[in-house]
Every structure is written in structure tokens, then in C-alpha cells.
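1. just coords:
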């Protein structure tokens, strides 16, 4: 009976190993799918941000406001002001 128990034990170990390997492969596949989905959404978000920045720049141009970037308010040019003594 010892030989039979030994074979059963080896078979059980092989089955468990195959199960764990299969489980790890499924987890890897799901992780890869989620990673690709996240990267795709980040790329899409980047494109939408670029479009938004372009729309903001277009609106600023239509309004006659010039600036290097939407986040930096444009500063008026140094013009002499009445009463400040500059000419």
C-alpha cells in the first residue's frame, strides 16, 4: 500500500502544481488586459486634454488675448501710464 500512497501523493502534487500554474496564467492574462485598458484610457485622456488646451487657445485668440500657455495669464505690455512720470 505504501507504493500506492506514494503514487497518489505524486499525482496530487502534480495536479496541484498544474492548478497553481493555470491560476497564475489566468491572473497574468487578466493583469495584462487591465494594464492595456488603463494605458489606453490614459492615452485617450491625454488626447482629450490636448484638444481642450487647443480649444482654450482658440478661444483666447478669438478674444484677442495672447499668451504662451493657457495656465499663464498674459501680462500687459509695459506701457507708460498717465500720471506715473514715464514718457
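-> Here it is on my side, so go on. These numbers were taken from a predicted model, which means no experiment stands behind them. Numbering: from 1, shown residues only.
2. can you give me the strands in the protein?
-> Assigned by DSSP state E, the chain shows no strands.
3. residue ranges of the helices in it, please?
-> With DSSP state H as the criterion, the chain has helices at 2-63.
4. Where does pLDDT dip in it?
-> Along the chain, the parts satisfying pLDDT under 70 run over 1-4, 66-87.
5. Spatially central residue in it, please.
-> With the centre of the chain defined as its mean C-alpha position, the nearest residue by Cα atoms, centre = their mean is residue 42, 3.2 Å away.
6. OK, contacts around that one?
-> Residues near residue 42 by Cβ atoms under 8 Å, 6 or more residues apart in numbering: none. Placement of C-beta: from N, CA and C, glycine included.
7. For residue 58, the count of nearby residues, please.
-> Around residue 58 there are 10 other residues, counting by other Cβ atoms under 10 Å.
8. quick one: residue 27 and residue 40, what's the gap?
-> 20 Å (Cβ to Cβ, to the nearest Å).
9. likewise residue 56?
-> 25 Å.
10. Among these two, which residue is more densely surrounded?
-> Neighbour count, other Cβ under 10 Å: between residue 56 and residue 40, residue 56 has more, with 14 against 10.
11. That one and residue 48, how far apart?
-> In terms of Cβ to Cβ, residue 56 sits 13 Å off from residue 48.
12. got it, and residue 25?
-> Relative to residue 48, and taking Cβ to Cβ, residue 25 is found at 35 Å.
13. do residue 7 as well
-> Distance from residue 7 to residue 48, by Cβ to Cβ: 61 Å.
14. Please apply the same query to residue 32.
-> 25 Å.
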